[in-house]
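Trainee: Please find the sequence and the predicted model below.
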Amino acid sequence: MDTYTAADGGASFLGSSDFPPSLVGACRRFDPSGILFGTGRPVWTPPADGGDGAHAERLRLEAQKISGKRFLVCSGADDKLVPYGCSEPLLAYLKTAAKEFPTLNLTIQDNIYPGVGHVFSKEMVTDAVAFVVESVSTLCAERGPEDLPPAVMPGPLMGKW
């Protein structure tokens with residue numbers, strides 16, 4: 001893309017015609033990385049002194065945003081457009097958060113598909129369907145069907161719950 005330059009690490013890409021401000025705003029509101037870090041790079045920063053107030057406050061805010069979330073990341077090992085390395089910082093952050101704070105109840109499934117480029121392969125589709133079915137089943141078991149969001153509640157096309 002003409003708007004990406006390696007000289008500034010792609011910083012000029014954000015807000016360009018290829019990635020307009022409205023898309024940057026949507027990512028900040030809905031994308032897990034954007035919610036936690038805005039346009040900055042995800043970095044796990046444990047407190048130097050073992051627990052200062054500012055760090056505790058950040059963890060509290062982050063916990064509100066990611067607690068109980070389930071993440072499936074499907075990456076083609078041969079993807080040249082969005083290489084796996086682009087996902088690694090956020091995945092490392094989430095995996096560390098899940099390990100350090102098990103009460104966050106995070107699920108991170110990180111799948112890398114050898115020989116796959118920038119496509120959503122049949123194997124990825126299979127894994128994504130299994131992940132969604134497992135997620136809905138887990139949610140039902142934990143909360144009961146009455147607490148499911150309307151998007152996953154049975155409707156006329158799904159039949160009876």
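Mentor: Received the coordinates, thanks. Residues are numbered from 1 along each chain as shown.
Trainee: any weak-confidence spans in the chain?
Mentor: Scanning the chain for pLDDT under 70 picks out 1-15, 32-64, 145, 147-161.
Trainee: Mind naming the longest helix for it?
Mentor: Counting by DSSP state H, the longest helix found in the chain is helix 122-143.
Trainee: on contacts alone, who are the packing partners of that helix?
Mentor: For helix 122-143, the packing partners by 3 or more C-beta pairs under 8 Å, 6 or more residues apart in numbering; DSSP states H and E come out as strand 70-76, strand 107-113. Backbone N, C-alpha and C define where each C-beta goes, glycine included.
Trainee: what's the angle from the last one to strand 70-76?
Mentor: This points to strand 107-113. 10 degrees (axes from the mean of the first three to the mean of the last three C-alpha atoms, to 10 degrees).
Trainee: circling back to that earlier point, could you export the helices and strands packed on helix 122-143 as a markdown table, including mean neighbour count and distance to residue 23?
Mentor: A markdown table is the format used below for the helices and strands packed on helix 122-143 (neighbours: other C-beta atoms under 10 Å; distance: least, C-beta to C-beta, whole Å):
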| stretch | mean neighbour count | distance to residue 23 |
| --- | --- | --- |
| strand 70-76 | 18 | 20 |
| strand 107-113 | 15 | 25 |
